[in-house]
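> coords please:
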Amino acid sequence: MKTITFRSILIAFTVLVAISCNKYHFSTGILVPADITISQDLQTVGIMNRSLPEKGNWLQNLGEAILTGESIFADREGSMNCIRGAANTLNVNPRFKAVLMEGEDYKGTGTKQFPIPLEWTDVDNLCKKYQVDGLIVLETFDSDILVRRGSVEKERTENGNKIKYLEHFAELRIRVNAGWRFYDNVNKKMIDQQVFTDEKMWSGRGNSPGEAFGRLPRKRIAINDAGVFAGEMLAFRISPKWLTASRSIFKKGGNQDNFKLAKEQARVKNWEEVIKLMDPLCKVSDNKVAARACHNTAVAFEMTGELNTAYDWAKKAHTLHKKSIYRMYVNQLHTRIMDQDRLKEQMEGK
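Here you go, the predicted structure:
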């Protein structure tokens, strides 16, 4: 059996640091398509909460809340925060303009069961009232509370002596089941009816079970936060969204000063100059240097929006030098190119 020594670990760490030091890392925003493509007929949407129970069901819901130990009005507040999270996120993303409809008194079942769909006369009246093309309605909202406690044995050094101790932890998970319907009032059809389950977790640690548990948020606050999160996730599913992606270019390659100059140009986003600086180095006989130059060129073309050209240069880098960084970048660009048709359909006219 091969023994792993401290020296081998140190060498591996040194190699990783050296590889990292060879690159200039930066972040960039990438627009990715939504999971669901919505007709361009719908540009403005109203967001409404219909998950609250009818008056006849109120006592039943109250009894369930008492029996399960949940806050009596926690789901009511959580559902309101859910539609707020959806509306706010849709208005930040580039696809829809969302209008929050908080004053409407349309009731549901107050359970995980969907109510009967809204009548189209009601949908049309609401759309005219708020001047929107369709409605996104939260039809059901239910939260499950999961708490886990425990401890782990740890070790610390005090006055040169190793002391073992228990670190206690507590976890609070809120699982939100949100049922949504999307009413297209322009074409008078139901676009989608889905129940999405989203989970948010908090953790606390301390020297005692009480201290660990005390660092968790109150359940009612946690349900509100989880409701906002569930609304945000709904918005991400129906609207293209900006994600932060990491990219890197090589700033060293043999004794070539152009890599260093390219890094400085990349810092100020002068990608055309990066391409010019890398051009002669893409043709050198040293495959390692040429691959780095081709990779930098691919990144520069991606930053200017020329994805197909970037893909060609990325493949050339991988052909010259079969490293995982080049293969991964080829795959990232391939995914972006595959997404373009869906993005174009979703963002047409924007």
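> Look up phi and psi at Leu52.
phi -80, psi 150 (degrees, to the nearest 10).
> Spatially nearest residue to it, not counting backbone neighbours?
Lys107 (5.7 Å; CB to CB, 6 or more residues apart in numbering). Backbone N, C-alpha and C define where each C-beta goes, glycine included.
> how many neighbours does that neighbour have?
Using other CB atoms under 10 Å, Lys107 has 16 other residues around it.
> before we move on, what about Val123?
Neighbours of Val123 (other CB under 10 Å): 20.
> In the stretch 151-300 of the chain, what residue spans correspond to helices?
209-214, 219-238, 257-267, 271-278, 287-303 (DSSP state H, counting those that start in this stretch).
> Rebuild those helices as TSV, extending it with mean neighbour count and mean pLDDT.
Shown next, in TSV, are these (neighbours: other CB atoms under 10 Å; pLDDT from 0 to 100):
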stretch	mean neighbour count	mean pLDDT
helix 209-214	15	88
helix 219-238	22	88
helix 257-267	18	93
helix 271-278	21	96
helix 287-303	25	96
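> thinking again about what came up before, please tell me how far the residue nearest to Leu52 sits from Ala86.
Separation of Lys107 from Ala86 (CB to CB, to the nearest Å): 19 Å.
> do Gln40 as well
Relative to Ala86, and taking CB to CB, Gln40 is found at 20 Å.
> Looking at the two, which one has more neighbours?
Ala86 (31 against 14).
> Do I have it right that the more buried one meets Ala98?
Yes. Taking contacts as CB atoms under 8 Å, Ala86 lies within contact range of Ala98: 7.2 Å.
> Identify the contacts common to the two.
47, 136 (CB atoms under 8 Å, 6 or more residues apart in numbering).
> about what we covered before: nearest to Arg327, out of the helices of the stretch 151-300 of the chain?
helix 287-303 (11.1 Å; CB to CB).
> after that closest one comes which helix or strand?
Counting by DSSP states H and E, the element after helix 287-303 in chain order, helix or strand, is helix 307-320.
> just the angle between that next one and helix 271-278, please?
Counting by axes from the mean of the first three to the mean of the last three CA atoms, to 10 degrees, helix 307-320 points 30 degrees away from the direction of helix 271-278.
> Save the helices of the stretch 151-300 of the chain as CSV, and put in distance to Ser324 too.
Output for these, formatted as CSV (distance: least, CB to CB, whole Å):
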stretch, distance to Ser324
helix 209-214, 40
helix 219-238, 29
helix 257-267, 20
helix 271-278, 21
helix 287-303, 12
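> Show me the one of the ones you listed that comes nearest Lys251.
Nearest of the helices of the stretch 151-300 of the chain (CB to CB): helix 257-267, 3.9 Å.
> The closest one - contacts with which helices or strands?
strand 23-32, strand 241-250, helix 271-278, helix 287-303 (3 or more CB pairs under 8 Å, 6 or more residues apart in numbering; DSSP states H and E).
> Cheers, nothing more for now.
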